[in-house]
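Engineer: Provided below are the primary sequence and the corresponding predicted coordinates.
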Amino acid sequence: MAPVLPVVLPLQPRIRLAQGLWLLSWLLALAGGLTLLCSGHLLAQLWNLGTFLAPSCPFPALPQTALAAGAVALGTGLGGAGASRASLDAARYPPWRGVLSPLLAAGTAAGGGLLALALGLTLILPVSLHQGLEEGLEAALVHYKDTEVPGYCQAKRLMDELQLRYHCCGRHGYKDWFGVQWVSNRYLDPSDQDVVDRIQSNVEGLYLIDGVPFSCCNPHSPRPCLQSRLSDPYAHLLFDPRQPNLNLWAQGCHEVLLGHLQGLSGTLGSMLAVTFLLQALVLLGLRYLQTALEGLGGVIDGEGETQGYLFPGGLRDILKTAWLQGGTAHKPAPEEALPEEEPPKEVLPEA
Amino acid sequence: MALLKVKFDQKKRVKLAQGLWLMNWLSVLAGIVLFSLGLFLKIELRKRSEVMNNSESHFIPNSLIVVGVLSCVFNSLAGKICYDALDPAKYAKWKPWLKPYLAVCVLFNAVLFLVALCCFLLRGSLESTLAYGLKNGMKYYRDTDTPGRCFMKKTIDMLQIEFKCCGNNGFRDWFEIQWISNRYLDFSSKEVKDRIKSNVDGRYLVDGVPFSCCNPSSPRPCIQYQLTNNSAHYSYDHQTEELNLWLRGCRAALLSYYSSLMNSMGVVTLLVWLFEVSITAGLRYLHTALESVSNPEDPAECESEGWLLEKSVPETWKAFLESIKKLGKGNQVEAEGAEAGQAPEAG
């Protein structure tokens, strides 16, 4: 069986490998920790903006996967640092010998798998964010007036606070408010002719006005905020509805939130890519170190040259060995016969 | 009779010196914390200096910064002294400086305590500065065309939104000033002309407030204008409507913010002061213990005593006064001594 990708490792390069691996492992632990923090931050932002994202949007899966991937990377980094430190010290290496194989297997399977999944999600999910925000913001605008309805009483406050904090108005612009009834029926005077006219003028019986809530107002504007009768050129002095409105926030909340969340997921994606690279390097280095030290029988200071390799044989050979081992495990009787045959065979060549 | 005598053998002295070294380096960290607290307070005061008419007092953050830097310097020096204290050769060069250094430390601790007290006591001056500054700020709210004051509207609006407050003492302060610029008033309208004629100064006063006074938690869309006219709005009673506008005045809001900041800084400074006092006491014990070692060549064999003051407090105070008097009468004592010397010779 020819080993896959063998590398000859005398003592000095082995020590160099262990030292370099120790440094890389700490870098991996740092990258894993930063990924944890970044995904935690994104989860916190999503929790705050929960009302404005449709429940069917799969976007929250991204920070959750990234959180798990970051935790596994952190664990791999710490384990790798411990193992490489132990491999330089003959007294500390024996307990690590048994741990390394499972650690490498777990690191490759869990860590590699999660990281690849998270990277894939980073590329796919932000597209679904667009649709999720559309639906969420539309629902928020419609329920703005429902301060008496159980389940939606906080909708007005949350929408106002969103517009005040993120400096935006409506979904794509302030005119979105003209198409929604945002004044509750409780505060409409049924005897007022203007109210009756407005309600009768549209099919759904909604009280629609060309005005916006106060949270759309822009404090940077030089004049006190104009919120009502925004389509009427004669309603306010020196006000032309056809000019860009400086009174209100110009951006729609959809664009602002989309940019904000996509920026955060972009940062998270780059953190994940760096972590993936570091994890691959650390796992490769650990495998070479492990196989090189196994070749010496676990003795650290041996002066001999050994080979480090990725796999003891090609894929076919590994499958054959695994099949044979599995086969002999099911047939206990022939096992007892085999050792009896082997000693006579060994005697023959001597003779 | 010495004050608070403690016996020290070599082991105890070494432990004391090591403990003091560690405490001194922790105290350097505390000094850095004080410095950053002072810097933070200075930046917060600067951020809102427009509503305080640029006349706020920076005494507290400046003194915190100075005290933080001094604490770092003194404590790193003391750490060096404690490190050298275990080696008789190195300690010998520090010996003559130790007594004046301890005196400076005691003075520094007194200053630190005064700064901590100031953090708690100086909010009164801040209150009057805020009241005056906010009144001016609201007066200039409409002057968005005047160079130098064009950002006052933005500042006041952002302040009211961030601190959830309205006006100086309450929202009615806005009824007494003209906050809508003349540029946006239609002077051909009868209503505008009536309002301007109705008061002596010819100002356009309304019973309305800017949009930044609105409370998002209110269940109804914000009512900003005609606040005292119940019939102007459906189902509205201005005496019972609570949540529509922010009820707190900005002076009270800003004052409570800065007070809580300064109180927490005062507490931190007091804790640092206690730590410093214990370090000074420990240093004094180390100093006197090493002074009273009977055999400097072989300190490992000797037991020594450490104390805070050589005599009891009243005796030390008397001796201190005597030494000051002696300094004043230095020449006289010498002259008398010379005469006394000559008299026995003559006699």
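Structural biologist: Sure, I can see it.
Engineer: gap between residue A:97 and residue A:83?
Structural biologist: Relative to residue A:83, residue A:97 is positioned 10 Å away (CB to CB, to the nearest Å). For glycine as for every other residue, the C-beta is placed from the backbone atoms N, C-alpha and C.
Engineer: same check, this time on residue A:277
Structural biologist: 20 Å.
Engineer: so which of these two has more stuff around it?
Structural biologist: residue A:83 (25 against 13; other CB atoms under 10 Å in any protein chain shown).
Engineer: get me the contact residues on the stretch 1-150 of chain A for chain B.
Structural biologist: A:147, A:148 (CB under 8 Å from any CB of the partner chain).
Engineer: the residue of the stretch 1-150 of chain A found nearest chain B sits in which helix or strand?
Structural biologist: The nearest approach of the stretch 1-150 of chain A to chain B comes at residue A:147, 3.8 Å away (CB to the nearest CB). Using DSSP states H and E, residue A:147 sits within no helix or strand.
Engineer: tell me who's in contact with it.
Structural biologist: For residue A:147, the contacting residues are A:153, A:155, A:156, A:184, B:219, B:220, by CB atoms under 8 Å, 6 or more residues apart in numbering or on different chains.
Engineer: buried subset of the residues you listed as a PyMOL selection?
Structural biologist: Of the contacts of residue A:147, the buried ones go into a single PyMOL selection, burial set by 16 or more other CB atoms under 10 Å in any protein chain shown:
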select buried, (chain A and resi 155+156+184) or (chain B and resi 219+220)
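Engineer: ok, so of the contacts of residue A:147, who is nearest residue B:181?
Structural biologist: Distance to residue B:181 across the contacts of residue A:147 (CB to CB) is lowest for residue B:220, with 28.3 Å.
Engineer: the closest residue to that closest one other than its chain neighbours: neighbour count?
Structural biologist: Of all residues not flanking residue B:220 in the chain, residue A:187 sits nearest, at 5.0 Å (CB to CB, 6 or more residues apart in numbering or on different chains). Other residues lying near residue A:187 total 17 when counted by other CB under 10 Å.
Engineer: show me the strands in chain B, by range?
Structural biologist: With DSSP state E as the criterion, chain B has strands at B:6-8, B:304-306.
Engineer: reformat those strands as CSV; add distance to residue A:255.
Structural biologist: Output for the strands of chain B, formatted as CSV (distance: least, CB to CB, whole Å):
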stretch, distance to residue A:255
strand B:6-8, 72
strand B:304-306, 72
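Engineer: what's the closest of those to chain A?
Structural biologist: Short answer: strand B:6-8, nearest of these by CB to the nearest CB, at 41.1 Å.
Engineer: go through that closest one and flag the buried ones.
Structural biologist: Within strand B:6-8, the residues scored as buried using 16+ other CB under 10 Å are residue B:8.
Engineer: returning to what we had before: so for residue A:320, which of the strands of chain B sits nearest?
Structural biologist: strand B:6-8 (77.4 Å).
Engineer: helices and strands around that closest one, which ones?
Structural biologist: helix B:250-291, strand B:304-306 (3 or more CB pairs under 8 Å, 6 or more residues apart in numbering or on different chains; DSSP states H and E).
Engineer: which among those is found nearest to chain A?
Structural biologist: The minimum distance between chain A and these falls on helix B:250-291, with 14.6 Å, by CB to the nearest CB.
Engineer: near chain A at all, that closest one?
Structural biologist: No - remark: helix B:250-291 sits outside contact range of chain A, by CB under 8 Å from any CB, the gap being at least 14.6 Å.
Engineer: count of residues packed around residue A:205?
Structural biologist: The burial count for residue A:205: 10, using other CB under 10 Å.
Engineer: which non-adjacent residue is nearest it?
Structural biologist: residue A:199 (5.4 Å).
Engineer: that neighbour: what secondary structure?
Structural biologist: helix (DSSP: H, G, I helix; E, B strand; the rest coil).
Engineer: on that earlier part again, wait, what's in contact with the residue nearest to residue B:220?
Structural biologist: Contact analysis of residue A:187 by CB under 8 Å, 6+ apart lists B:220, B:221, B:233, B:234, B:235.
Engineer: quick check: closest non-adjacent residue to the last one.
Structural biologist: When you say that, I think you mean residue B:235. With CB to CB, 6+ apart, the residue lying closest to residue B:235 is residue A:187, at 6.2 Å.
Engineer: for the residue nearest to residue A:164 when sequence neighbours are not counted, phi and psi?
Structural biologist: Residue nearest to residue A:164 in three dimensions, not counting chain neighbours: residue A:215, with 5.1 Å by CB to CB, 6+ apart. With angles defined as degrees, to the nearest 10, residue A:215 sits at phi -70, psi -10.
Engineer: isn't residue A:215 right up against residue A:159?
Structural biologist: Yes - if you go by CB atoms under 8 Å, residue A:215 and residue A:159 touch, sitting 7.3 Å apart.
Engineer: so what's residue 173 up against?
Structural biologist: Here I'm looking at chain A. Per CB under 8 Å, 6+ apart, neighbours of residue A:173: A:250, A:252.
Engineer: my bad, the chain I had in mind was chain B
Structural biologist: B:138, B:167, B:249.
Engineer: got it, and residue B:145?
Structural biologist: So, once contact is read as CB under 8 Å, 6+ apart, residue B:145 ends up touching A:222, B:181, B:183.
Engineer: any idea how far residue A:170 is from residue A:255?
Structural biologist: Residue A:255 is 11 Å from residue A:170, by CB to CB.
Engineer: what sits closest to the closest residue to chain B within the stretch 251-351 of chain A if chain neighbours are left out?
Structural biologist: Residue of the stretch 251-351 of chain A nearest chain B, by CB to the nearest CB: residue A:253 (14.7 Å). In this structure, residue A:253 finds its nearest non-sequential neighbour in residue A:168, 4.0 Å apart by CB to CB, 6+ apart.
Engineer: same check on residue A:9?
Structural biologist: residue A:292 (4.4 Å).
Engineer: assign that neighbour to helix, strand or coil.
Structural biologist: helix.
Engineer: give me the pLDDT for it.
Structural biologist: Here the pLDDT value assigned to residue A:292 is 83.
Engineer: how about the contacts made by it?
Structural biologist: Residue A:292 touches A:9, A:14, A:17, A:306, A:307, A:308, counting by CB under 8 Å, 6+ apart.
Engineer: one more time with 7 Å, if that's ok
Structural biologist: Listed by CB atoms under 7 Å, 6 or more residues apart in numbering or on different chains, the contact partners of residue A:292 are A:9, A:14, A:306, A:307, A:308.
Engineer: put the buried members of these into a PyMOL selection.
Structural biologist: Burial among these is assessed by 16+ other CB under 10 Å; the matching PyMOL selection reads:
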select buried, chain A and resi 9+14+306+308
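Engineer: would you mind giving the contacts of residue A:292 as TSV with pLDDT added?
Structural biologist: Shown next, in TSV, are the contacts of residue A:292 (pLDDT from 0 to 100):
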residue	pLDDT
A:9	78
A:14	84
A:306	73
A:307	72
A:308	74
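Engineer: in the contacts of residue A:292, find the pair that's most separated.
Structural biologist: A:14 and A:307 (11.3 Å).
Engineer: buried set for stretch B:159-178?
Structural biologist: B:159-161, B:163, B:165-171, B:173-174, B:177-178.
Engineer: gap between the two ends of that stretch?
Structural biologist: End-to-end distance for stretch B:159-178, by CA to CA, to the nearest Å: 19 Å.
Engineer: and that stretch, average pLDDT?
Structural biologist: Stretch B:159-178 comes out at a mean pLDDT of 94.
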